[in-house]
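Visitor: Sequence plus predicted model, see below.
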Amino acid sequence: MLRPVDLTRVFFVDIETAPGQADFQNLDPRRQQLWNTFCGRRYPKETEAGKSAADLYANAGIYAEFGQVVCISVGYFRREPDGGLRFYLKSFASADECEVLRGFADALGERRPYGSKLQGATTREPRNPDDAAERRDLGHWLCAHNGREFDYAYLGRRMVICGVSLPPMLDIAGYKPWDLPHLLDTMEMWKFGDNKGGIQLNLLAGLFQIPSPKDDIDGSQVGRVFWEEGEAGVRRIAEYCQRDVETLARVYLHYAGQANLWDPERVVRRPLGAGVAAMRVA
């Protein structure tokens, strides 16, 4: 079991990404050349087998240099007066990526990362755990599945590209992995020192008898849904992303030996409004 942390100071995060354009032909000539060069280095077997850069463009969404963030969903626990935990889900989703990133960065605000190496980080524990103002000044964690290999770096890079100021919890460039204890990763935790491979969130959900989050679409379909279905597609992606976050939080509780704390009757899903649901995380 994991060492216990204050669940009300953990933000469970998942992002969904798509290629920067609907297809390769929509790229300007310079970007086409850059993607063509990138594919030659990243996909040598595929290009030698005759696949073109245009054929491989569906993969562009997984690279921060060629993709974009179309949805960020966040889940967090809050303590109820009766001592139970309520789980809140909020999403930032839009065709305007920079708005999505600004909304998420503003939501994290100036919250301090848990640890001692990052500027502003702290390991201080609360004198009064019920004081919301004090809690904001304590160390916080982000938790994602494969976050250390994907979500955290992707968010940081796209924020730099969009000119969005990095919140302290994502101002992590140049640090060693062991200097960033506030970045939790359920894939990394499952390795138990075995670095031969990862594990899909859906498989972990099956192991812990948690309902599959992939009952509509999966990550490989996000780009198509985003570019072909418009606003309805954005909503569909956000709903899928929230299911992933809910699954992520439940997997983490199993890791921590706290699965009994999950109450499906105390899950609050914030509906998406038009465009970005720029809702501040409490």
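Guide: Yep, it's here.

Visitor: where do the strands sit along the stretch 151-282 of the chain?
Guide: All strands of the stretch 151-282 of the chain, identified by DSSP state E, counting those that start in this stretch, fall at 183-185, 267-269.

Visitor: Tell me the buried residues in the last one?
Guide: For strand 267-269, the neighbour count (16 or more other Cβ atoms under 10 Å) marks R269 as buried. For every residue, glycine as well, the C-beta is placed using N, CA and C.

Visitor: Just give the number of residues close to E149.
Guide: 14 (other Cβ atoms under 10 Å).

Visitor: who's in contact with D23?
Guide: When the contact criterion is Cβ atoms under 8 Å, 6 or more residues apart in numbering, the partners of D23 are 54, 57.

Visitor: quick one: pLDDT of it?
Guide: Per-residue pLDDT puts D23 at 95.

Visitor: Of all the strands of the stretch 151-282 of the chain, which one is nearest A95?
Guide: When these are ranked by distance to A95, counting by Cβ to Cβ, first place goes to strand 267-269 at 21.6 Å.

Visitor: avg pLDDT for the closest one?
Guide: Averaged across strand 267-269, the pLDDT comes to 92.

Visitor: Now do it: which elements does it pack against?
Guide: Helices and strands touching strand 267-269, by 3 or more Cβ pairs under 8 Å, 6 or more residues apart in numbering; DSSP states H and E, are strand 85-93.

Visitor: E246 is in contact with F87, isn't it?
Guide: Yes: counting by Cβ atoms under 8 Å, a contact exists between E246 and F87, whose distance comes to 7.4 Å.

Visitor: Spit out the residues that contact the two alike.
Guide: Between them, E246 and F87 share the contacting residues 75, 267, judged by Cβ under 8 Å, 6+ apart.

Visitor: Output the strands of the stretch 151-282 of the chain as JSON lines; include the columns distance to F24.
Guide: Conversion of the strands of the stretch 151-282 of the chain to JSON lines gives the following (distance: least, Cβ to Cβ, whole Å):
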{"stretch": "strand 183-185", "distance to F24": "32"}
{"stretch": "strand 267-269", "distance to F24": "36"}
